[in-house]
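Enquirer: Kindly return the folded structure for what I paste below:
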Amino acid sequence: MKATTEKGYREKIRKQCLALGTYKPEFEDVISRLAEYRMRQRQLREMYRQTGSAPIVTAKGSSIAVKNPILEEMDRVDKLALELERELGMTPAALRKLNEAALARQEADPLAAALSAMRGS
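Expert: Numbering: from 1, shown residues only. Now for the predicted structure:
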């Protein structure tokens, strides 16, 4: 399924997590929320494009220029999506942190354990 629907985004995110080795079934709620954000990002980008892609707009009946509200919402949703990507280990820094934690949990070096087992036999 293409990542153009929320279901498609969920599948794509799940596959990315599996490929990175960070997937756990307990993360399905976070994956669903991230899929919602990705879908919202897509909608906002399309809305921005359809309204002329103006970064600065003026309010009706006013000459005061403000940042396009669509851009503000895009920024907010992008930040929320990035937070969830970090939670799922989908950013380089988050993945590195998860891998370092996994390595720290290993009590013995596998080679050292094999050598000591050979000596004990």
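Enquirer: Quick check: buried residues in stretch 93-100?
Expert: Neighbour counts over stretch 93-100 (16 or more other Cβ atoms under 10 Å) mark 94-95 as buried. For glycine as for every other residue, the C-beta is placed from the backbone atoms N, C-alpha and C.
Enquirer: which parts of the helix of greatest length in the chain are buried?
Expert: Ordering each helix of the chain by length in residues (DSSP state H) puts helix 28-50 first. Residues 30-32, 34-41, 44, 48 are the ones in helix 28-50 that count as buried (16+ other Cβ under 10 Å).
Enquirer: Which residue comes closest to the most centrally placed residue in the chain once chain neighbours are left out?
Expert: When the chain is reduced to its mean C-alpha position, the nearest residue by Cα atoms, centre = their mean turns out to be residue 85, at 2.3 Å. Nearest non-adjacent residue to residue 85, counting by Cβ to Cβ, 6 or more residues apart in numbering: residue 91, 5.4 Å away.
Enquirer: Now do the strands in the chain.
Expert: In the chain, the strands defined using DSSP state E lie at 56-58, 65-67.
Enquirer: Quick check: mean pLDDT of the first one?
Expert: When the per-residue pLDDT values of strand 56-58 are averaged, the result is 89.
Enquirer: again, but for stretch 30-45
Expert: On average, stretch 30-45 scores 97.
Enquirer: Out of the strands of the chain, the one nearest residue 11 is which?
Expert: Taking Cβ to Cβ, strand 65-67 is the member of the strands of the chain nearest to residue 11, at 34.3 Å.
Enquirer: right, so of the strands of the chain, which gets closest to residue 9?
Expert: strand 65-67 (27.0 Å).
Enquirer: what's the spacing between the closest one and its chain's center?
Expert: 29 Å (Cα atoms, centre = their mean, to the nearest Å).
Enquirer: just stretch 26-36 next, same as before
Expert: On Cα atoms, centre = their mean, the centre of stretch 26-36 falls 10 Å from the chain's centre.
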